[in-house]
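Colleague: could you look at this predicted model? Sequence included:
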Amino acid sequence: MRDAFVEALTELTAEDPSVVLVTGDLGFGVLTDYAARFPDNFVNAGVAEQNMTALACGMALEGARAYTYSIANFPTLRCLEQLRNDVCYHGATVTVVAVGGGFSYGQLGMSHFATEDLAIMRAIPGMTVVAPSDPWMAYELARQLYRTGGPAYVRLDKGKAGLPAGPVELGKVRTVREGEDGVIFATGGILAEALAAADLLADQGISVAVVDVHTLKPFDESGVRRAAKGRPIVVTLEEHNIAGGLGSAVAEALLEGGAAPRKFRRIGLADCFPEVVGDQDYLRKAHQLDRNAVVAAFREEFAFQ
Amino acid sequence: MATALLQQDDSLALALRLRRHVVRMCKLGGSSHVGSCLSIADIVAVLYGEVLRLDPLRPDWTARDRFILSKGHAGACIYAALAERGFFPVSELADHYRNGSKFSGHVSSKGVAGVEFSTGSLGHGLGVGAGMALQLRRLGGGQRTFVLMSDGECDEGSVWEAALFAAHRRLGRLCAIIDFNKLQSLAPVADTLALEPLGAKWRAFGWRVVRIDGHDHAALRSALATPSAADDRPLCVIADTVKGKGVSFMENQVLWHYRVPAGEEFAAAMRELGADA
């Protein structure tokens, strides 16, 4: 996903010299070719995320299309006020690229788990928030965000859904599987677990739709309501804390739209900090964010109907 | 008339008018930070009166010099300078702090012609200024970028992140000005987090450092003059100032960081500034 995004960024820089990439001293091997090819467009701010973000903002206000690049929480939480006061208040065209959404860096420990980013980025006025589910989508959304301009946050996962490339539109949910008994909304690479859960449920005679919510903001409220309509069980799945992320956004859209489902269940990290490490799959299982958790949620809700 | 340009004006006279404006604005709005505004009045008068390349008729003129007030709490002084330079009528200054006003206590660019950047949280301006200076250099422009900071602001780590970067990238068109009035919010700087030797710190970070009396207009003029092209280090002007300068009972008093000039105090302040209350 990361490489696909950098590929898009490389093409955009070749097309438009106003594109600049400001990294917080990360991207070894990933940004090396970019830095060699575009020395004037590449800025290493050092291990200084507040300044990385402020620099990108200053450059953007002078006409650059700026991208900041770092991993996990460093380009978001470490410099949150620079994003809020400098970038978003001034509407600067700065795209924040975070490599390592959720448990992508599962062995590195909680400092490197991006599990509150979506909620916090979503809460800043003017910020577009995107979490692609596949590399091809990261590429495509990079190009669409470039055309849109303004402040944006892109969360790139190590995991991926593995779906073939298809049409995707910034700000519009994408139904990737049809079903009548319920619907699973998922965001980011964990969409793979939602699809696997739908397969398992189909084996048990439960037919569920799967919807990819790759854009958390602006939130496609009407698209979410349409996808939930007539489906009695709605489940959300995110590799993110339960507070304020996808599940919250879906709940807000459904309740305010008068489209409350009969049963609603959010699956996410249970408002805790993981204290053990492991790979992304291991941590999903350990925190009940995997396919089995989704299946269990459906079976419980289905039994109550 | 507010729209008169100041080329022929005397920066000392402008500084006096700025002091009257800020005392009146703080009184009318019931607002604080009057001491911080008085502290920078001479720096701002020399900048807006003589140094900055600006065009009030074209606030977004590409060739303008960039100025960021990073110590946003002294915004009243910048609004006053912009009004004096004709960016908007002086009469609008009375809106400062009012309900529905665009003239916020901390300087905001939203709807206010001539304000380059909104600040209020300390430690943001220098990094943004460095980004502006870097991009302006990429585009081949000769504009200068000025960032006016407070001494207490130098407690913020982000200031030093930006200081490292600007020197590393040899941003010779970037100028940081530190309003070194030696008083911060609760107590003297020396009793809070000692900054001295301040010049040596900036020099060690790779900056060219000039230390001057921040109320001496000739010294300010000379320190802020266009730097030689041969020296591509960023410039740090450390301006030794007096908080509350110009109103005797406000000078060097922590109290006047927050106190609102009202009643007899307001009248006395205006008398000292040679104006009617």
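Modeller: Nice, I can see it.

Colleague: quick one, what contacts the residue lying closest to residue A:46 once chain neighbours are set aside?
Modeller: Take residue A:46 and drop its neighbours on the chain: the residue closest to it by Cβ to Cβ, 6 or more residues apart in numbering or on different chains is residue A:25, 5.3 Å away. Yep, even glycine has a C-beta here, placed from its N, CA and C like the rest. With contact set as Cβ atoms under 8 Å, 6 or more residues apart in numbering or on different chains, residue A:25 has these partners: A:44-47.

Colleague: tell me the one of the residues you listed nearest residue B:27?
Modeller: The shortest gap between residue B:27 and any of the contacts of residue A:25 belongs to residue A:45, at 43.1 Å (Cβ to Cβ).

Colleague: what's the local residue count around residue A:220?
Modeller: As a burial measure, residue A:220 scores 23 neighbours (other Cβ atoms under 10 Å in any protein chain shown).

Colleague: can you tell me the SS state at residue A:95?
Modeller: Three-state call for residue A:95 (DSSP: H, G, I helix; E, B strand; the rest coil): strand.

Colleague: how near is whatever residue of the stretch 101-250 of chain B ends up closest to chain A to residue B:253?
Modeller: Nearest to chain A, among the residues of the stretch 101-250 of chain B, is residue B:131, at 2.2 Å (Cβ to the nearest Cβ). As for residue B:131, its distance to residue B:253 is 36 Å (criterion: Cβ to Cβ, to the nearest Å).

Colleague: residue A:274 too?
Modeller: 52 Å.

Colleague: same check, this time on residue B:93
Modeller: 24 Å.

Colleague: which one of the two has more residues nearby?
Modeller: Neighbours per residue, other Cβ under 10 Å: of residue B:93 and residue B:253, the larger number sits with residue B:93, 22 against 14.

Colleague: now the end-to-end length of stretch A:107-118.
Modeller: The straight-line separation of the ends of stretch A:107-118 (Cα to Cα, to the nearest Å) is 21 Å.

Colleague: so what touches that stretch?
Modeller: A:71-73, A:76-77, A:98, A:100-106, A:129, A:131, A:153, A:155, A:187, A:216, A:238-241, A:243-246, A:269, A:273-275, A:277-279.

Colleague: contacts only, for residue A:126.
Modeller: Taking Cβ under 8 Å, 6+ apart, one finds A:88-89, A:91, A:150-151 in contact with residue A:126.

Colleague: where do the strands sit along the chain?
Modeller: The chain I'm using is chain A. For chain A, the strands defined by DSSP state E cover A:19-23, A:42-44, A:65-71, A:94-99, A:128-130, A:152-156, A:174-177, A:182-186, A:208-212, A:215-217, A:233-241, A:263-269.

Colleague: nope, chain B please
Modeller: B:66-69, B:145-150, B:174-180, B:208-213, B:235-240.

Colleague: possible to save those strands as JSON lines with distance to residue B:110?
Modeller: Listed next are the strands of chain B as JSON lines, based on distance: least, Cβ to Cβ, whole Å:
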{"stretch": "strand B:66-69", "distance to residue B:110": "14"}
{"stretch": "strand B:145-150", "distance to residue B:110": "20"}
{"stretch": "strand B:174-180", "distance to residue B:110": "24"}
{"stretch": "strand B:208-213", "distance to residue B:110": "33"}
{"stretch": "strand B:235-240", "distance to residue B:110": "28"}
